[in-house]
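[1] got a predicted structure plus its sequence, pasted below:
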Amino acid sequence: MAPNASRGDASAIARDARERAYSTPLEDFHVADVEHFTSDTHWPWFERLRREDPVHYCAASEYGPYWSVTRFQDIVAVDSNHEVFSSDSMRGGIMIADASEGREGSSFIALDPPDHDAQRRVVTPLFSTAGMAGLEPLIRERAAAILDDLPVGETFDFVDKVSVELTSQMLATLFDYPFEQRRNLPRMSDMILTRPRVGDDVPSPEAMQAAFMPLIMPFIGLWNERKDTDPAAGDLISLLSHDPVTRKDDNPERYLGNIILLTVAGSDTTRHSITGALMAFQENPEAYDRLRAEPGLLDSAVPEIVRWQSPVAHMRRTATRDFELSGKTIRKGDRVVMWYVSGNRDEAVIPQADRFIIDRERPRQHVAFGFGIHRCVGNRLAEMQLRVVWEEILKRFKRIEVVGEPRRLRSNFVKGYEALPVRITA
């Protein structure tokens with residue numbers, strides 16, 4: 001929440017959202033409406049579904065009909081059953097909106113086995129325990145430099161100066177992307193995931209492609225540089241450009257699909273969780289004070305931050321055959337949306353799920369990283385970056401105060417922030 005002056009307005013908005021959620025007939029529920037997410041009023045809609053209709057059918061929306069899976073255990077059941085619930089882009093892919101790319105351009109997250117397994121295997125070594133240990137000193141050095149450069153006693157945008165800057169630096173390093181162009185990487189992600197604001201002109205597909213191509217072109221140059229030279233250990237571009245699975249037919253289309261996936265995943269989970277943590281500490285200042293006194297609690301606080309923020313709001317699957325889930329019959333071809341943001345507030349599994357608790361007994365009991373074969377390959381990197389940046393923040397600042405309302409990402413897929421005004425007290 002923003003400053004005390006706006007608390008009354010925020011409370012009124014929350015009360016109004018609850019009244020609407022509980023007075024709207026269930027058959028009229030459309031929880032994927034992006035306005036729920038930009039206003040942060042989605043909570044009571046999912047709360048009611050978990051209580052009254054946890055596997056809910058929306059008959060009509062701008063995306064077409066879809067099922068909402070809102071309870072923790074049902075989400076795990078769908079996510080773990082890739083034979084019945086497909087991620088394949090040719091069946092629609094992983095977002096509620098149908099995928100537009102052809103299958104050859106699909107990253108491994110939008111494929112089913114065996115193709116998924118073969119492509120994921122190529123990048124997995126980069127995210128090993130040893131690989132993460134090698135990256136930590138560099139992340140710490142860069143986090144420290146970013147934080148030491150922040151203005152004290154002045155209002156600034158935390159998203160821009162901390163969350164985006166840190167993640168864009170790390171992505172540029174992982175990809176060997178031109179460092180001076182690093183801000184292109186989160187921009188790519190936002191272009192893919194963000195919907196136009198009400199009243200905005202909607203760009204044509206041709207205009208979108210024209211704006212996107214300059215951002216992706218450096219990766220074509222890197223492909224051409226690396227594909228016919230000796231591969232370098234720990235080099236993601238070398239891994240993708242040399243392995244026959246991701247280099248298929250000497251065509252970079254599949255390589256680019258995986259680059260885009262890793263850009264979105266590497267940017268959004270970390271940057272929005274960094275900002276989400278600050279929002280949580282604004283509402284729970286005693287948690288921040290306790291972490292300053294006991295920084296070892298970050299081991300449990302970091303997964304709690306990820307659960308609390310749920311940066312990936314949903315994942316979609318498509319049924320390959322008729323299937324019964326919690327008493328509802330899902331038909332072959334149906335669009336099935338797992339709402340991670342709802343499962344992470346399911347009190348049937350997570351005690352006091354609506355509270356931010358930095359010393360939870362089982363802090364990794366959440367669905368933010370998914371389950372089964374599609375569990376996030378970079379989850380350890382995301383957690384390590386979060387831990388390091390908050391270790392460095394806690395060392396330096398007694399308080400970072402949120403002094404205005406956040407501007408949230410216009411997306412129902414990634415739950416995140418475009419801007420957050422803050423001030424560091426001198």
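    Yep, that arrived.
[2] okay, domains of the protein per the record?
    1-53, 70-310+341-398 (automatic domain parsing).
[3] A strand includes S68, no?
    Yes - secondary structure of S68 (DSSP: H, G, I helix; E, B strand; the rest coil): part of a strand.
[4] quick revisit: packed most tightly, which of the domains of the chain would that be?
    domain 70-310+341-398 (a mean of 18; mean count of other Cβ atoms under 10 Å). For glycine as for every other residue, the C-beta is placed from the backbone atoms N, C-alpha and C.
[5] for the record, mean pLDDT for that one?
    Mean per-residue pLDDT for domain 70-310+341-398: 89.
[6] please apply the same query to stretch 28-45.
    On average, stretch 28-45 scores 96.
[7] contacts for that stretch, please.
    13-14, 16-18, 21-22, 46, 49, 53, 56, 58, 61, 63, 66, 68, 96, 195, 313-314, 337, 339, 341, 345, 408-412, 415 (Cβ atoms under 8 Å, 6 or more residues apart in numbering).
[8] returning to that earlier point: next, format the domains of the chain as a markdown table and append distance to K328.
    As requested, the domains of the chain are exported to a markdown table (distance: least, Cβ to Cβ, whole Å):
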| stretch | distance to K328 |
| --- | --- |
| domain 1-53 | 9 |
| domain 70-310+341-398 | 10 |
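[9] the helix or strand hosting L239 packs against which elements?
    Using DSSP states H and E, L239 sits within helix 236-242. Applying 3 or more Cβ pairs under 8 Å, 6 or more residues apart in numbering; DSSP states H and E, we find helix 236-242 packed against helix 115-123, helix 165-175, helix 205-226, helix 253-283.
[10] run the angle between the shortest one and helix 253-283 for me.
    Spelled out, that is helix 115-123. 80 degrees (axes from the mean of the first three to the mean of the last three Cα atoms, to 10 degrees).
[11] show me how far helix 115-123 is from its chain's centre.
    Taking the mean of its C-alpha atoms, helix 115-123 sits 21 Å from the chain's own mean (Cα atoms, centre = their mean, to the nearest Å).
[12] got it, and the last one?
    When C-alpha coordinates are averaged (Cα atoms, centre = their mean), helix 253-283 and its chain have centres 5 Å apart.
[13] go on, stretch 343-353?
    The answer for stretch 343-353 is 19 Å, by Cα atoms, centre = their mean.
[14] can you check stretch 114-121 too?
    Worked out by Cα atoms, centre = their mean, stretch 114-121 lies 22 Å from the chain centre.
[15] narrow the contacts of stretch 28-45 to those in strands?
    Within these, residues falling in strands by DSSP state E are 56, 58, 66, 68, 314, 337, 339, 408.
[16] what pairs with the last one across the strands?
    I take that to be R408. Beta-bridge pairing for R408 (DSSP bridges): Y417.
[17] ok so, going back, next, format the helices and strands packed on helix 236-242 as a markdown table and append distance to R399.
    Listed next are these as a markdown table, based on distance: least, Cβ to Cβ, whole Å:
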| stretch | distance to R399 |
| --- | --- |
| helix 115-123 | 39 |
| helix 165-175 | 20 |
| helix 205-226 | 36 |
| helix 253-283 | 9 |
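[18] tell me which of the ones you listed lies nearest to E304.
    Nearest of these to E304, taken as Cβ to Cβ: helix 253-283 at 8.5 Å.
[19] isn't V162 right next to S273, touching?
    No - using Cβ atoms under 8 Å, V162 makes no contact with S273, being 12.0 Å away.
[20] what residues are shared contacts of these two?
    Joint contacts of V162 and S273 (Cβ under 8 Å, 6+ apart) do not exist.
[21] still on that earlier bit, out of the domains of the chain, flag the one nearest A426.
    domain 70-310+341-398 (4.5 Å).
[22] in the stretch 251-400 of the chain, what residue spans correspond to helices?
    In the stretch 251-400 of the chain, the helices defined using DSSP state H, counting those that start in this stretch lie at 253-283, 285-293, 298-309, 340-343, 379-396.
[23] out of those helices, which gets nearest to L420?
    Using Cβ to Cβ, these put helix 253-283 closest to L420, at 5.7 Å.
[24] quick revisit: which PyMOL command selects the buried ones in the ones in strands among the contacts of stretch 28-45?
    Per 16 or more other Cβ atoms under 10 Å, the buried members of the ones in strands among the contacts of stretch 28-45 correspond to this PyMOL selection:
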select buried, resi 56+58+66+68+314+337+339+408
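[25] adding distance to A207, write the ones in strands among the contacts of stretch 28-45 out as TSV.
    Shown next, in TSV, are those (distance: Cβ to Cβ, whole Å):
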residue	distance to A207
H56	36
C58	31
Y66	28
S68	32
H314	27
V337	29
W339	32
R408	24
